[in-house]
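1. no letters, just coordinates:
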């Protein structure tokens, strides 16, 4: 795929947004590609973790490629490619799928943010679980200053991730925040020099991939599905996930391997 690259190795699927001449802005082909890719990765037994990044050092993603998507959305230009036809015909479902607006994707996602992450690019980062960012990165939701709202997941996710006041500031004031401010908010996990972002993220992803696939998936499912619920409902989800894990081969294999001082052989079953 021209604007997306996928490499799978040792349980890690590295997905690269490859549109650097437009700061990895998301065009129709990329949005359709991401919407199709996430279910494929979810079903792939060789993938335990996804590492999501952008090509180059300037940007993770600058958001939607408005130069190409806006004319399609308004009918100013007619779709020419199959992806553009799908974008027009299935617009909302493509957005939902590409930006992971849902709770169905339960494999861990690590984001390596090597530059700016703004608008829909920022919202795509919000769909990740762990974020390693460059000390030169910055983050912004500028939509309200363009007469729009950030409806790719930010309004639902951001208050849950960084609290009410910080989220309202980012959404309503629409000001740029730098990496250190993002770290202080709890928006990102680690801030590293630009040349170290991908390496640190890859190390993080490989470490996560050593975990049992079912345990990783059910742990994320319990956290995401229980977010915002009252404690009794959240505990019920946690218990249901625990029941599935405890009935698995991996739950027997992990403690046995520990006692036998060997590397566990997890199967995801």
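-> Received it, and whenever you're ready, just let me know what you need. These numbers were taken from a predicted model, which means no experiment stands behind them. Numbers count the residues shown, from 1 in each chain.
2. confidence score at residue 1?
-> Here, the pLDDT recorded for residue 1 equals 67.
3. kindly report the same for the one 3 residues further on.
-> For residue 4, the pLDDT comes out at 96.
4. next, it: phi, psi?
-> phi -130, psi 130 (degrees, to the nearest 10).
5. likewise residue 3?
-> phi -110, psi 0.
6. which residues touch it?
-> Taking C-beta atoms under 8 Å, 6 or more residues apart in numbering, we find residue 3 in contact with 17, 18, 19, 27, 29, 30, 33. C-beta here means a position set from N, CA and C on the backbone, and glycine is covered the same way.
7. tell me the one among these nearest to residue 6.
-> Within those, proximity to residue 6 (C-beta to C-beta) peaks at residue 33, which comes in at 9.4 Å.
8. ok, and the closest non-adjacent residue to that closest one?
-> Nearest residue to residue 33, sequence neighbours excluded (C-beta to C-beta, 6 or more residues apart in numbering): residue 4, at 4.6 Å.
9. returning to that earlier point: quick one: which of the contacts of residue 3 is nearest to residue 52?
-> When those are compared against residue 52 (criterion: C-beta to C-beta), the nearest one is residue 17, at 7.7 Å.
10. quickly list what the closest one is bridged to.
-> Listed by DSSP bridges, the beta-bridge partners for residue 17 are residue 4, residue 54.
11. need the pLDDT of it.
-> 98.
12. any idea how far it is from residue 138?
-> Taking C-beta to C-beta, to the nearest Å as the measure, residue 17 falls 17 Å from residue 138.
13. can you point out the buried residues in the worst-scoring helix or strand of the chain on mean pLDDT?
-> None of the helices or strands of the chain scores lower by mean pLDDT, DSSP states H and E than helix 66-74, at a mean of 80. Within helix 66-74, the residues that qualify as buried are 66, 68, 69, 72, counting by 16 or more other C-beta atoms under 10 Å.
14. right, and the pair among those with maximum separation?
-> Longest span within the buried residues of helix 66-74, C-beta to C-beta: 66 and 72, 10.3 Å.
15. helices of the stretch 51-200 of the chain, residue ranges please.
-> 66-74, 82-89, 91-98, 120-126, 154-162, 164-168, 179-185, 197-209 (DSSP state H, counting those that start in this stretch).
16. show me the contacts for residue 180.
-> 135, 191.
17. kindly report the same for the one 4 residues further on.
-> Contact partners of residue 184, counting by C-beta under 8 Å, 6+ apart, are absent.
18. ok, it to residue 163 distance?
-> Taken as C-beta to C-beta, the span from residue 184 to residue 163 is 12 Å.
19. cool, residue 23 as well?
-> Taking C-beta to C-beta, one finds residue 23 at 29 Å from residue 163.
20. the two: who's more crowded?
-> residue 23 (21 against 13; other C-beta atoms under 10 Å).
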